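# Sequence plus the predicted model coming up.
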Amino acid sequence: MSYAARPSGPPLLALLLATSACRDGAGAAASAGADDGTGATTIATGDDDSGGDVPPGSECTAAVPRALRLLTRREYERTVLALVPLSQDGDAISCEADAQCELATQSCVGGSCQDDPCSLHTFVLADPGHAHAQVVVAGDFNGWAATAADGGWPLDYVDAAGAWVGKRVIADGHHAYKFVVDGSWQTDPNNDAHEPDGVGGDNSVLELHCDGAPAGDDGDANDDDAHPARAFPVESRTPGFPFDDGVASGLVTTVHVEQYLRAAERIAARATADLAALLPCDPASFDRSCAEAFVADFGARALRRPLQHDELAAYADRMMAQQGAATAAAVVIRVLLSSPMFLYRMEIGTVGDDGTATLDAYERAGVLAYGLWGGPPDATLLQAAATGALDSDEGVLAQAQAMLDDPRAHEALTAFASQWLDVEHVAELERNASFIDFDAVLAAQMAAESRDSLARIVLEDDARWHSLWLATDTVVGPQLAALYGVPFDGAAPQRVELPPERRAGLLAQAGVLARYAHSDRTSPVRRGVFVLERLLCQGVPPPPAVVPSIGEIDPGQTAREVLAQHTADPACSGCHEHFDPIGLGFEHFDAIGRWRDDDAGAPIDASGWIPGLDGRDQADFADVPGLAAIVADSPTAQRCFVQQVHRFTAGALERDEDACRIDALTTDFAAQDHDLRALFARTVAAWAVAPRQP
Amino acid sequence: MITRRRLLQSVGPAAALALPFFELISPQRVRAADGVAQRVIVMYFPDGVAGPSQDGEPSLWHPTGSEFDFVLPEQLAPLEARRDDCVFFRGLTLGPTDSGSHPGGAKKLLTATDGGNGVSIDHVLANGVGADAPWRHLYLGVAANADGASGDKLISYASAGQSITPQDDPRTAFELLFGRPGDVGEPQVDPVAVSVIDGVLDDMDRLRTRLGNVEQSKLDLHLQALREVELRIKGGGAAGVADCSAPSLSADVPAAELYSPARFPEVMKAQIDLMVLAMACGLSRVGVLQASHHTSDLLMSQFPATEMYDPGYDMRSHQASHYGPAHDPAKKEFVAYVQQVRWFVAQFAALLEALRAVPELDGTMLDHSIVLLCTEVCDGNTHLHDDMPFVLAGRAGGRVTTGRLATHEGVRHGGLLAAIGQAMGAELPSFGDAGTAAIALG
């Protein structure tokens, strides 16, 4: 059979040809677009040295479809929690370190104190005078290792708390442990649960039931508050579209409606618990003017735009029809949170004199906020919309760039990365019992590294595209450091340096390598297809109707020997010749991403090639760092990444008409020295200002 | 307050409100009576069966013999006790599919339309003859969304080209249908909930007016869902159903373990029982139960206490389905594949037994149901869509003559789906993009 591409991924050649279509326009975008600048001022802050710059592709005239974009579960949760924050004090406590938060229950995440997930347990040993030199947790979860060198969990001394503290992800179930304080074993004084240790003393006992099982009513309740969309249906994803925010598949079923109503009831109850703080008036003197003032403020924040007169009147009427201020407020909050106006991000626009539609300033604010923060516009951004700062293309771009200085950008970037790499479910992977190191703790650390690394490079490091592929430093937890074979001291995630001859960038991350493997062995096919589809945007056709069997896999064969049958059989080679040579390059990494020197006793040949890359016959590499270098330098990979960012932003696969904008963004990406930060800001801005179909 | 979900006594004034475009594609409603099924349940399992092999050996799935005198092969053995309640098929074909293989078959399985570019039969019936039930449509999954399954792995199409996702968590589904443990007391209309749903419908009206025909089909679906919930809220559960006084889950698996292969059989049982319970309580007439999804990585070798159990060897569903060119009993994949298919057939048999355990009218629920077992390809290794391995069960209130081997050589399976629709009382002379006329089931 021939190697045909699915619609979701145009063949490489077609992509390269299409690139030339409006390359000239793209290059000139920066200067040409400045002419129609309105000179509107922005309220953007930060290092904005791009004054007058417009988003790439501003000259592209093909209008994009108007759309209602159903909030994804993560977007819904961000939107609700911004509207009705978990802490009744309003703003979450900002922090730079865990020590500034409630040590036993919170961690400092993304600049604010967040409640720890149920599975993250905090060990604390009070020591106000710092009398001890070392405290280690030893238990069944780490083989009762009494020292850090043997795999015990050392606690860190936190001056502010006058205590030894450590946080660990612990699997559900029954666990026994002790503290080893300067070499002597003792139970945990903060834990009353004990059981005999079999040698005349006691062990401390932890019973963890974190997901679904009864963890006490309060635990469940708080978790529901923090994850109000937990029971919502998962998003259906169109084949070939990697993201959860697909415009076409965001459909509301009866199950959605029921869950929206339930969640809204719960959130309204929480919001109205302190009525005096919620309402702009004394609840005892609640009247229509109070209702209108409340609706005007809360409604505008919920719908991410000012209310129109008829809406304001309708909501106020509904409040006045209830018995008492508390019910009035609860009803209108429940209506707002279940309203289609709340549940859809509007990308509708208004038709101008030229016959095309343009998103209004509040819709643009929504594109920027959900695209760059993964959540709703805040008061500042809505104010920018109100004052005309988003009316011009320049204003939108300046705002977008400033928004990446905000810690909320972490949310959008991790959502993008985990879906682009498809590592969202690494923590739940099943692995054969022969991988004894692969437990819930290691899996969680693998998932975290792969989810967070792009955001870290963009927001904290040099934001360079090449760093995604070539960086040899990363941030990992202790179990993952052990898997990587690098020294590690302490318990908290920290930056480590990886052996550059073995590992480089995303392609050598254990989370990525494990995601594209089987439960009991590697999968060069999955790894190769991953590179083709996700990194090079090449479609891979489904297997032919009649797949010849490759015969039973002999455990004594190397993966390369097994896959040689693909090359030998013409019915297979038509497709497999495109991804097997890539996937075999990963063979030094087993099914949990651990380095191995041999496969089935035979030395590993990790050389390979990418067929037909960038117009060459093939791009050869000797190992994964070599493959990573090819990807980093490949114009095809760079354009594909732009496409993926565009897909995430637009909520759709690109249409033929979108080639102009994507070409412009790709050219601009190179012109910006492959700065990822610029790419995200400029792609989202370009989408916000793109003309809409009338 | 959330009231316990109860059967509606009356549909109330809202029933007079015009429904959007679904009226156009829905079969006309026919009042349920004798000779009409009370409910339809579709059960799906992944990755085909051991059918005709690549080397040309005959099928190990299809019964052999004549219409009323046939032998069930090994994979269908779990249905031996219920064979008189079943219709087995020969010859039905899906016809051509856009992407072939597993995805092409899955998209066409319930839509009978290439590429899934049509509303699937379950939604057609839900919007038509099933629309008066408190829940038009129940879609329960067993790890059906696992592995981040994409849309073409789901078989229920609410609108052309767009599949929806099933509920994989029996606990969540149960609470949706029957309320949470704290929701006690006599069911009644909650005026606050009524005000909320009215407000939401007002907003929907305002939005639709503002947008005109922009995104109209998306809002039509949304409005239809709102109307269904409105009926439930305003009905308030006036008429209790005797059998539903103390519903409970038959298995409660923590959310974190829903996708663990070792828990799959428990979740499967919980969803089967929940489906039967919801139907027995009159909560719905149309249900789809999807076990896993095509090209599945489900480690069936980890199902405890089954003949497939092998802790030393990881055997995935899709891996086993590629058992090789021949039916070779010396091959691990082949042996496991037959066992896996037989396990799914046994789940279907369990569903039938659960229906049979509930008395209804002059017989049991099974007598008044129509139940379909399906998968997206015939032989899992050759991926062909001919001689599809459908099994129908239930007499549909006398409409279906069971205990048969029915042969419809080369007929598109849209004819079977149309016949199921007719058995449900829908006027559905044909179904699917080939306009295939309903086959006779009587």
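Yes, it's here.

# so which strand or helix has the residue of the stretch 251-400 of chain A found nearest chain B?
Per CB to the nearest CB, A:V335 is where the stretch 251-400 of chain A lies closest to chain B, at 3.4 Å. The way it works is simple: take the backbone N, C-alpha and C, and place the C-beta from them, glycine included. For A:V335, the host element (DSSP states H and E) is helix A:325-338.

# if we can go back for a sec, please report how far the residue of the stretch 251-400 of chain A closest to chain B lies from A:F286.
17 Å (CB to CB, to the nearest Å).

# Mind checking which of these two has more residues around it?
Applying other CB atoms under 10 Å in any protein chain shown to A:V335 and A:F286 shows that A:V335 carries more neighbours, namely 29 against 20.

# show me the contacts for the more buried one.
By CB atoms under 8 Å, 6 or more residues apart in numbering or on different chains, the contact list for A:V335 reads A:315, A:318, B:195-196, B:199-200, B:203.

# Please repeat the previous calculation with a cut-off of 10 Å.
Residues in contact with A:V335 (CB atoms under 10 Å, 6 or more residues apart in numbering or on different chains) are A:261, A:264, A:268, A:299, A:302, A:314-315, A:318-319, A:341-342, B:195-203.

# which non-adjacent residue is nearest it?
Nearest residue to A:V335 in three dimensions, chain neighbours excluded: B:G199, at 3.4 Å (CB to CB, 6 or more residues apart in numbering or on different chains).

# ok, that neighbour - how many residues close by?
Quick note: B:G199 (other CB under 10 Å) scores 23 neighbours.

# give me the element it is part of.
In this structure, B:G199 sits in helix B:191-211 according to DSSP H and E.

# Distance from that helix to the middle of the chain?
Offset of helix B:191-211 from its chain centre (CA atoms, centre = their mean, to the nearest Å): 32 Å.

# okay, the angle between that helix and helix A:325-338?
40 degrees (axes from the mean of the first three to the mean of the last three CA atoms, to 10 degrees).

# A:L421 and A:V295: what is the separation?
Using CB to CB, A:L421 is found at 43 Å from A:V295.

# Apologies, that question was intended for A:A433.
Relative to A:V295, and taking CB to CB, A:A433 is found at 59 Å.

# And the helices in the stretch 301-442 of chain B?
Applying DSSP state H, counting those that start in this stretch to the stretch 301-442 of chain B gives helices spanning B:317-321, B:332-356, B:414-423.

# What residues sit buried inside the longest one?
Think helix B:332-356. B:332-345, B:347-356 (16 or more other CB atoms under 10 Å in any protein chain shown).

# Show me where the stretch 251-400 of chain A has its helices.
Counting by DSSP H, counting those that start in this stretch, the helices of the stretch 251-400 of chain A are A:254-271, A:275-278, A:288-294, A:300-303, A:309-320, A:325-338, A:340-343, A:361-372, A:379-386, A:393-403.

# Looking at those helices, spot the one closest to A:L429.
helix A:254-271 (27.5 Å; CB to CB).

# quick one: the closest one near chain B?
Yes - using CB under 10 Å from any CB of the partner chain, helix A:254-271 reaches chain B at A:254-262, A:264-265, A:268.

# By neighbour count, which of these wins?
Counting by other CB under 10 Å, top hit in those: A:Y260 with 27 neighbours.

# Is that residue in contact with B:V200, as I believe?
Yes - applying CB atoms under 10 Å, one finds A:Y260 in contact with B:V200, separated by 8.6 Å.

# For those two, list the residues in contact with both.
Counting by CB under 10 Å, 6+ apart, the residues touching both A:Y260 and B:V200 are A:334, A:337-340, A:342-343, B:226, B:229.

# And the furthest pair within these?
Distance extremes for those: the farthest pair is A:F342 and B:V229 at 16.2 Å, using CB to CB.

# Pull out the buried positions in the top helix by length along chain A.
The longest helix of chain A (DSSP state H) is helix A:440-459. Neighbour counts over helix A:440-459 (16+ other CB under 10 Å) mark A:440-459 as buried.

# near chain B, which of those residues show up?
A:A440.

# and the residue lying closest to B:R208 once chain neighbours are set aside, how many neighbours?
Once flanking residues are discounted, B:R208 sits nearest to B:L219: 5.6 Å by CB to CB, 6+ apart. Other residues near B:L219 come to 21 when the count uses other CB under 10 Å.

# wait, isn't B:L219 in contact with A:L343?
No - using CB under 10 Å, B:L219 is not in contact with A:L343, being 11.1 Å away.

# shared neighbours, those two?
Shared contacts of B:L219 and A:L343, defined by CB under 10 Å, 6+ apart, are found at A:68, A:252.

# Next SSE downstream of the helix or strand bottoming out on mean pLDDT in chain B?
Lowest by mean pLDDT, DSSP states H and E among the helices and strands of chain B is helix B:22-25, with a mean of 28. Counting by DSSP H and E, the next helix or strand C-terminal to helix B:22-25 is strand B:39-44.

# quick one on the thing from earlier: output the helices of the stretch 251-400 of chain A as CSV; include the columns mean pLDDT.
What follows is the helices of the stretch 251-400 of chain A, written out as CSV (pLDDT from 0 to 100):
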stretch, mean pLDDT
helix A:254-271, 95
helix A:275-278, 95
helix A:288-294, 97
helix A:300-303, 98
helix A:309-320, 97
helix A:325-338, 98
helix A:340-343, 98
helix A:361-372, 98
helix A:379-386, 96
helix A:393-403, 97
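
# Quick check: which of the ones you listed has the most neighbours on average?
helix A:393-403 (a mean of 27; mean count of other CB atoms under 10 Å in any protein chain shown).

# Mind giving me the packing neighbours of that helix?
Where contact means 3 or more CB pairs under 10 Å, 6 or more residues apart in numbering or on different chains; DSSP states H and E, helix A:393-403 is packed against helix A:361-372, helix A:379-386, helix A:676-689.

# Next, the angle from it to helix A:379-386.
Going by the same axes, to 10 degrees, helix A:393-403 is angled at 180 degrees with respect to helix A:379-386.

# ok, then the element right after helix A:393-403?
Using DSSP H and E, the helix or strand that follows helix A:393-403 towards the C-terminus is helix A:409-420.

# Return that following helix as CSV; C-alpha atoms alone will do.
Output of helix A:409-420 as CSV, limited to C-alpha atoms (Å, rounded to 0.1, in the frame of the first residue of the first chain):
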residue,chain,number,x,y,z
ALA,A,409,0.9,31.4,32.3
HIS,A,410,2.2,28.2,34.0
GLU,A,411,-1.3,26.8,33.8
ALA,A,412,-1.7,27.2,30.0
LEU,A,413,1.8,26.1,29.2
THR,A,414,1.6,22.9,31.2
ALA,A,415,-1.8,22.1,29.7
PHE,A,416,-0.3,22.6,26.3
ALA,A,417,2.8,20.5,27.0
SER,A,418,1.0,17.6,28.6
GLN,A,419,-1.5,17.3,25.8
TRP,A,420,1.0,17.9,23.0
